[in-house]
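# got a predicted structure plus its sequence, pasted below:
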Amino acid sequence: DAKTTQPPSMDCAEGRAANLPCNHSTISGNEYVYWYRQIHSQGPQYIIHGLKNNETNEMASLIITEDRKSSTLILPHATLRDTAVYYCIVRVPGGATNKLIFGTGTLLAVQP
Amino acid sequence: SAVISQKPSRDICQRGTSLTIQCQVDSQVTMMFWYRQQPGQSLTLIATANQGSEATYESGFVIDKFPISRPNLTFSTLTVSNMSPEDSSIYLCSVEGGAGFYEQYFGPGTRLTVT
């Protein structure tokens, strides 16, 4: 079973920041938080990951709370092309059980 | 990043038949993963395929229904056997990669419709 909880859907105005929350209250010390997204009819796309520090790359920022029980993915300036299902996943990278368990995700609809 | 291709991209098959889906990666990878995405649903892991060993199946998936081959480090196949309409799904392969193997890359998927 997925170890994360996300809202089923969110709306965001084009050009505004999209803040997608994720709860992972049972995360263990060696598990990372990953975010992927799936644009309609495509394979999932890696966005970002982090352990406990906030992370930023060219696509997004990841804010992880100090207790690591929740996180927020931030798309700073959402565009229509960011409309997708966003998945928050916790996992231990590498090793024999290196697999992604997808939950139901959040459908982000960016409105013009 | 790894570039993954899948064949066929889509197919319509009759019940009772089998379809083999191919997954080709542009670099050598140790682990490959096969997922199923039923209509309107999230992705479900079918199995993990390591080169040179038997695939490891997740609960609810069996080798007789979804046999997997992994002949080398850049290629894998998934067969959907004795198909029924319930097998209509998108089937995706993925590989791990990136520095430290922190990322997984996905193929474009194979859209299967069983009539």
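In hand now; what should we look at?
# for residue 74, what are its contacts?
Just so you know, I chose chain A. A:17-20, A:60-63 (CB atoms under 8 Å, 6 or more residues apart in numbering or on different chains). Bear in mind the C-beta positions are built from the backbone N, C-alpha and C, glycine included.
# wait, I meant chain B there
Neighbour list for B:T74: B:24-29 [criterion: CB under 8 Å, 6+ apart].
# any of the contacts of A:I74 buried? List them.
Neighbour-count burial (16 or more other CB atoms under 10 Å in any protein chain shown) applied to the contacts of A:I74 gives A:18, A:20, A:60-63.
# what is the nearest of the contacts of B:T74 to A:T72?
Set against A:T72, the nearest of these by CB to CB is B:V29 (31.4 Å).
# follow-up on the earlier one: okay if I get the buried ones among the contacts of A:I74 as JSON lines plus pLDDT?
Below are the buried ones among the contacts of A:I74 laid out as JSON lines (pLDDT from 0 to 100):
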{"residue": "A:A18", "pLDDT": "98"}
{"residue": "A:L20", "pLDDT": "98"}
{"residue": "A:A60", "pLDDT": "97"}
{"residue": "A:S61", "pLDDT": "98"}
{"residue": "A:L62", "pLDDT": "98"}
{"residue": "A:I63", "pLDDT": "98"}
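# give the pairing partners of the lowest-mean-pLDDT helix or strand in chain B; include direction for each.
Among the helical and strand segments of chain B, the one scoring lowest on mean pLDDT, DSSP states H and E is strand B:103-106, with a mean of 87. Using DSSP bridges, strand B:103-106 pairs in its sheet with strand B:89-97 (antiparallel).
# separation between A:Q111 and A:R16?
Separation of A:Q111 from A:R16 (CB to CB, to the nearest Å) stands at 9 Å.
# now, the contacts of A:I74 that are in strands?
Members of the contacts of A:I74 lying in strands (criterion: DSSP state E): A:18-20, A:61-63.
# get me the contact residues on chain A for chain B.
Residues of chain A lying near chain B by CB under 8 Å from any CB of the partner chain: A:32, A:36, A:38, A:41-46, A:49, A:85, A:87, A:93-94, A:98-105.
# going through the residues you listed, which ones are buried?
A:32, A:36, A:38, A:43-46, A:49, A:85, A:87, A:93, A:98-103, A:105.
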